[in-house]
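Undergrad: When you get a sec, could you give me coordinates for this:
(one chain, ligands or ions: 2)
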Amino acid sequence: MRTQVAIIGAGPAGLLLSHLLARGGVESVVLETRSQDYVASRIRAGILEQSSVDLLTEVGLGDRLRAEGDEHRGIYLNFAGERHHLDFVDLTGRTVWVYGQTEVQKDLVAAGTADVRYEVTDVALHDVETDRPYVTYIDSAGATQRLDAEVIAGCDGSFGPSRQAVPAEHFERVYPYSWLGILADVAPSTDELIYAWHQNGFALHSMRSPTVSRLYLQVPNGTDPASWSDERIWEELATRLGHGQDGWKLNPGPITDKSVLPMRSYVQTPMRHGRVFLAGDAAHIVPPTGAKGLNLAIADVTLLSQALVAMLRSGDPALADAYSDDALRRVWRCTHFSWWMTTMLHTSGDPFDAQLQLSQLRWVTTSSAGATGLAENYAGLPIGF
Ligand code: FAD
Ligand code: DHB
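TA: Ligands and ions are numbered 1, 2, ... in the order given. This is a model prediction of the structure:
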């Protein structure tokens with residue numbers, strides 16, 4: 001089989017890249033190890049930056065998002081028994097949207113533009129330093145296949161094979177804590193997200209819809225989710241999020257999903273080698289605080305699609321040659337922001353750190369310079385920054 005771009009991975013990066021390439025008149029085939037249902041139901045990110053929403057709208061994927069998503073003006077920061085609202089609209093003129101990654105994935109599948117081969121195995125990249133690279137794999141019926149292409153796009157997340165095809169420098173930070181995340185069938189107890197610093201550890205109240213809440217607790221690495229009963233989770237969330245503070249109440253409800261998420265920062269540079277280009281989690285991972293993972297994947301493939309359309313349709317390699325540097329500017333900005341939010345809000349047990357964190361939180365909530373810096377990064381810089 002032959003195509004112009006062989007895309008490995010049908011997560012949001014791979015499917016959106018295929019959609020954008022099709023709009024630019026470039027063919028692609030997407031290879032995915034998992035089933036369509038599995039990929040569509042993975043519970044992951046939930047917040048879209050303004051520029052992600054604008055991009056999805058521009059390319060015909062914004063109808064359900066705008067009808068069913070929830071636009072937020074900002075976030076709350078809770079610490080030392082006080083709740084402060086940061087209004088991103090006042091500070092930067094930008095908003096964020098609550099719309100689950102599962103929903104973005106469904107919209108991409110419904111668009112029907114991507115030719116995806118699900119449940120493949122043994123995916124391997126070949127001849128990536130030539131202008132005729134190819135991918136071999138075993139299809140869902142067990143037959144060995146070869147996909148010839150002009151370019152390979154590695155959108156296969158942090159465990160896929162594409163990363164290994166790019167000789168690169170790695171930068172990594174592993175954090176000494178994880179998140180215990182729950183989904184609950186209960187209306188959110190807040191109109192906008194609450195990020196809480198508490199001496200027991202960080203907590204976050206997020207949401208997925210008017211009837212589904214998503215909440216997180218900082219827990220030690222290696223925590224078994226089964227060791228936290230539902231009752232204990234709600235009690236600890238109430239304590240850390242400020243139940244009772246100025247009359248605010250956290251409403252508990254049935255927990256439908258419970259998992260532990262380790263946290264790390266990782267960047268691989270460059271994001272290209274020969275005819276392989278990396279995008280999304282295949283090239284970088286951020287800790288979830290600040291919700292940058294999905295937004296970075298969207299920004300990467302926006303740049304990459306423009307570069308590949310220019311290269312494959314007009315024979316102009318300039319954007320493709322600049323892709324890695326262009327993408328990495330935003331990657332490092334988001335890597336810094338995610339690290340900064342994470343280290344400001346998670347307790348380490350060190351009393352000196354705790355005082356620095358509280359001082360930083362006070363600055364961010366009382367100085368317009370501090371607040372604007374957080375808001376500008378959280379609501380997101382324009383794609384191409
Ligand atoms: P992925 O979504 O990982 O997609 C990669 C795809 O490649 C997958 O479908 C995978 O099955 C496929 N693949 C892997 N290996 C192969 C192979 N050999 N051949 C073919 N296909 C392959 N971000 C937030 O902002 N907030 C959150 O709360 C949040 N929670 C997360 C929870 C978890 C458990 C994880 C892993 C990530 C979370 N993220 C979160 C990050 C966010 O979901 C990712 O940044 C986003 O999914 C990146 O999209 P992607 O398409 O680059 O990678
Ligand atoms: C969510 C996750 C985040 O990491 C974050 O900063 C905000 C929201 C979420 O899953 O809803």
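
Undergrad: only C-alpha atoms for contact and neighbour calcs from this point on.
TA: Fine.

Undergrad: In the stretch 251-385 of the chain, where is pLDDT below threshold?
TA: Filtered on pLDDT under 70, the stretch 251-385 of the chain yields the residue ranges 384.

Undergrad: Might you enumerate the residues of it proximal to ligand 1?
TA: Leu261, Gly280, Asp281, Ala282, Pro288, Ala291, Lys292, Gly293, Leu294, Ala297 (CA under 6 Å from any ligand atom).

Undergrad: would a markdown table of these with neighbour count and secondary structure be doable?
TA: Below are these laid out as a markdown table (neighbours: other CA atoms under 10 Å; DSSP: H, G, I helix; E, B strand; the rest coil):
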| residue | neighbour count | secondary structure |
| --- | --- | --- |
| Leu261 | 19 | strand |
| Gly280 | 28 | helix |
| Asp281 | 24 | helix |
| Ala282 | 28 | helix |
| Pro288 | 21 | coil |
| Ala291 | 19 | coil |
| Lys292 | 27 | coil |
| Gly293 | 24 | helix |
| Leu294 | 27 | helix |
| Ala297 | 28 | helix |
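
Undergrad: Just put those residues in TSV and tack on distance to Ala13.
TA: TSV is the format used below for those (distance: CA to CA, whole Å):
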residue	distance to Ala13
Leu261	21
Gly280	6
Asp281	8
Ala282	9
Pro288	17
Ala291	16
Lys292	13
Gly293	11
Leu294	8
Ala297	5
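
Undergrad: Including distance to ligand 2, could these go into TSV?
TA: Formatted as TSV, those follow (distance: CA to the nearest ligand atom, whole Å):
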residue	distance to ligand 2
Leu261	10
Gly280	16
Asp281	15
Ala282	18
Pro288	4
Ala291	4
Lys292	7
Gly293	8
Leu294	10
Ala297	15
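
Undergrad: pretty sure Ala153 is in a strand, no?
TA: Yes - counting by DSSP: H, G, I helix; E, B strand; the rest coil, Ala153 is located in a strand.

Undergrad: Isn't it up against Val5?
TA: Yes - assessed by CA atoms under 8 Å, Ala153 is found in contact with Val5 at 6.8 Å.

Undergrad: how about stretch 177-191, does it get close to ligand 2?
TA: No - taking CA under 6 Å from any ligand atom as the criterion, stretch 177-191 and ligand 2 are apart, separated by no less than 8.3 Å.

Undergrad: from the chain's centre, how far out does that stretch sit?
TA: 17 Å (CA atoms, centre = their mean, to the nearest Å).

Undergrad: Could you list the residues in contact with that stretch?
TA: Residues outside stretch 177-191 that contact it (CA atoms under 8 Å, 6 or more residues apart in numbering) are 205-207, 209-223, 225, 249-263.

Undergrad: Show the buried residues in these.
TA: 205-207, 209, 212-221, 223, 225, 250, 252-253, 255, 258, 260-263 (16 or more other CA atoms under 10 Å).

Undergrad: before we move on, what SS does Arg333 have?
TA: Per three-state DSSP, Arg333 ends up helix.

Undergrad: Against Ala13, how distant is it?
TA: Per CA to CA, to the nearest Å, Arg333 is found 19 Å from Ala13.

Undergrad: neighbour count winner among those two?
TA: Ala13 (31 against 14; other CA atoms under 10 Å).

Undergrad: The stretch 51-200 of the chain: strands as residue ranges?
TA: With strands called from DSSP state E, counting those that start in this stretch, the stretch 51-200 of the chain shows them at 70-72, 74-79, 82-87, 96-98, 116-117, 121-126, 134-138, 144-148, 151-154, 169-184, 194-196.

Undergrad: Output the set of residues of the stretch 251-385 of the chain in proximity to ligand 2.
TA: So the stretch 251-385 of the chain meets ligand 2 at Pro288, Thr289, Gly290, Ala291 (CA under 6 Å from any ligand atom).

Undergrad: Contacts only, for the closest residue to the last one other than its chain neighbours.
TA: In this structure, Ala291 finds its nearest non-sequential neighbour in Ile47, 6.1 Å apart by CA to CA, 6 or more residues apart in numbering. If a contact means CA under 8 Å, 6+ apart, then Ile47 has Val96, Trp97, Val98, Tyr99, Gly100, Ala291 as its contacts.

Undergrad: and which of the residues you listed is nearest ligand 1?
TA: Ala291 (3.3 Å; CA to the nearest ligand atom).

Undergrad: in the stretch 1-150 of the chain, what residue is nearest ligand 2?
TA: For the stretch 1-150 of the chain, CA to the nearest ligand atom, closest residue to ligand 2: Gly46, 4.0 Å.

Undergrad: What about the nearest residue to that residue once chain neighbours are set aside, how many residues nearby?
TA: Excluding the flanking residues, the one nearest Gly46 by CA to CA, 6+ apart is Gly100, at 4.1 Å. Residues lying near Gly100 (other CA under 10 Å) number 21.

Undergrad: which SS state does Gly201 fall under?
TA: coil.

Undergrad: What is the neighbour count of it?
TA: 19.

Undergrad: Equivalent analysis for Gly142, please.
TA: Neighbour number of Gly142 under other CA under 10 Å is 11.

Undergrad: Around ligand 2, which positions in the stretch 1-150 of the chain sit nearby?
TA: Ala45, Gly46, Ile47.

Undergrad: Relative to ligand 1, how far out is the last one?
TA: Just to be clear, that refers to Ile47. Ile47 is 6 Å from ligand 1, where distance means CA to the nearest ligand atom, to the nearest Å.
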